[in-house]
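# Got a predicted model here, sequence first, then my questions.
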Amino acid sequence: NPYTRIEDNFVYDIEEKISAFYIQGDFEFSEVRGNLGVRVVQTKTLTSSTDLYTYQLDHTNDETGEPVTGDARFVEDYQLVTQKNKDTQILPSFNIAWDATDDLVIRGAIAKVMSRPDYSDLGAQQRITFVSDEWADDRAAFNELPGFSGSGGNKNLKPFESVQADLSIEYYYGEGSAVGLALFHKKVDNFVVPLVIDVEQNFAGKNNIVDAGAINIAPYSTVGNGTDAVSKGAEVFIQHAFDSGFGFYANYTYNKTNKADVTINGEEFGQSALIGSAKYQYNTSVYYEGGYFNVRASYNKRGETVLGLNSGLNVYQEPYEQIDVNASVNLYDGLSLTAAVINLTKSESVTRLGNDTDARLLNTSYSGRRFYAGFNYSF
């Protein structure tokens, strides 16, 4: 039978108060149209969580000199940590479009944008484990290491900021057919970087077990902010529809980024490119759209992708490619049968430390070839 258990020592509370003001003006004259505006946003955050220190003490002596045995070898110490943060952002934006001809459109945009940190990154409880020398010696065969290790969120994370500009040209040369080219430049601050680091911090646990003062936690998994990253590049696309119902679509994006400093509370812990960025990515699709039957096959490939920083080395996901197929059949008015195959090629994701060698394998993941089928009825 289900029941509710109150965990007094499990606190994970984030209170967020957001105030926003914006003003926007639209304009249009001749073949030119667009808008200009500004948004002011203030975010107040109150974050509370219980940090947990766990001590594994095997045959050490307590403060009286007696050996620690039985349940006393495992000590848990909870510390409630609360922090307030306030952030104010001024976010202007400008968008313009020019219908140069009936078939040619030129667009431009410049704006400053922001995104708040995820709650899991901001408020995750800190979990620190201390292993005594005696405990580690007794378990040497299992590679137990003495000292402190752990993980936790970062209550001082700043919101993601980007000043970005885009310029594109689009030519619509037929019904359902177009080609285009877009250029982009983004200056990014405070992007979130997953980290595995060695960190020194003030001790907040039981002083009768470990001496007070600074402790070294190695390894420590957390998140930090990357600063002064630049993402710039170009995208080209084409879509063509034949009168027979067949068609194809393709796009290619080239993206150049730099390595930016990664900090926690003002202390630098290395450099990382913009998280999630790849040097290139392209997508192609071929399709058929008829009165009773539709089918589409898509091929996607993404280049080497940066995922974080681990012990001074960047984490890279190897180039990844995948083919998906979906189709639908109209059985009669309003009712259709749909089906899809995701990851037809059984592609596997591989992550390594650094991109100078294949020897530092971090992990692999495989989500399988997946099949979906169902009915849709609209009325």
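Yes, it's here.
# Compute the number of surrounding residues for Ile90.
Neighbourhood size, Ile90 [other Cβ atoms under 10 Å]: 10. For every residue, glycine as well, the C-beta is placed using N, CA and C.
# my guess is it contacts Val38, does it?
Yes. Using Cβ atoms under 8 Å, Ile90 makes contact with Val38 at a distance of 6.8 Å.
# Which residue, neighbours along the chain excluded, lies closest to Ala124?
Nearest non-adjacent residue to Ala124, counting by Cβ to Cβ, 6 or more residues apart in numbering: Gly153, 3.3 Å away.
# what helix or strand is the one you found on?
Following DSSP states H and E, there is no helix or strand that holds Gly153.
# Then the one 3 residues further on?
In the assignment (DSSP H and E), Asn156 maps to no helix and no strand.
# 24 is where my numbering starts, stick with that
Sure thing, new numbering starts at 24, so read that last one as Asn179.
# how close does it sit to Ala163?
38 Å (Cβ to Cβ, to the nearest Å).
# Would you map the strands across the stretch 174-323 of the chain?
183-197, 200-212, 214-225, 237-250, 252-264, 269-280, 283-287, 290-295, 303-312, 316-325 (DSSP state E, counting those that start in this stretch).
# buried set for the first one?
To tie it back to what came earlier, the one meant is strand 183-197. Phe183, Glu184, Ser185, Gln187, Asp189, Leu190, Ser191, Glu193, Tyr195 (16 or more other Cβ atoms under 10 Å).
# Dig out what Ser372 forms beta bridges with.
Ser388 (DSSP bridges).
# doesn't Tyr343 make contact with it?
Yes. Between Ser372 and Tyr343 there is a contact at 5.9 Å, judged by Cβ under 8 Å.
# Counting neighbours, go ahead and name the busier of these two.
Tyr343 (17 against 14).
# hmm, back to that, higher neighbour count, Asn179 and Ala163?
Asn179 (16 against 9).
# and the strand or helix carrying Val104, what's its mean pLDDT?
For Val104, the enclosing helix or strand under DSSP H and E is strand 97-122. The average pLDDT for strand 97-122 rounds to 93.
# packing partners for the next helix or strand after that strand?
Following strand 97-122 in sequence order, the next helix or strand is strand 127-138 (DSSP H and E). Contact partners of strand 127-138 among helices and strands, from 3 or more Cβ pairs under 8 Å, 6 or more residues apart in numbering; DSSP states H and E: strand 97-122, strand 183-197.
# Buried ones in strand 127-138, by neighbour count?
Val128, Arg130, Ala132, Ala134, Lys135, Met137.
# so how far is Phe33 from the residue nearest to Ala147?
14 Å.
# So for the two, which sits in the more crowded spot?
Neighbours per residue (other Cβ under 10 Å) separate Gly176 from Phe33, with Gly176 holding more: 22 against 12.
# pLDDT score assigned to Pro217?
Reported pLDDT for Pro217: 92.
# Quick check, Thr245 in contact with Leu218.
Yes. Using Cβ under 8 Å, Thr245 is in contact with Leu218, at 5.4 Å.
# anything in contact with each of those two?
Ile287 (Cβ atoms under 8 Å, 6 or more residues apart in numbering).
# which residues does Leu297 contact?
Counting by Cβ under 8 Å, 6+ apart, Leu297 has contacts Val211, Phe214, Gly249, Ala252, Ser254, Thr280, Ala283, Val329.
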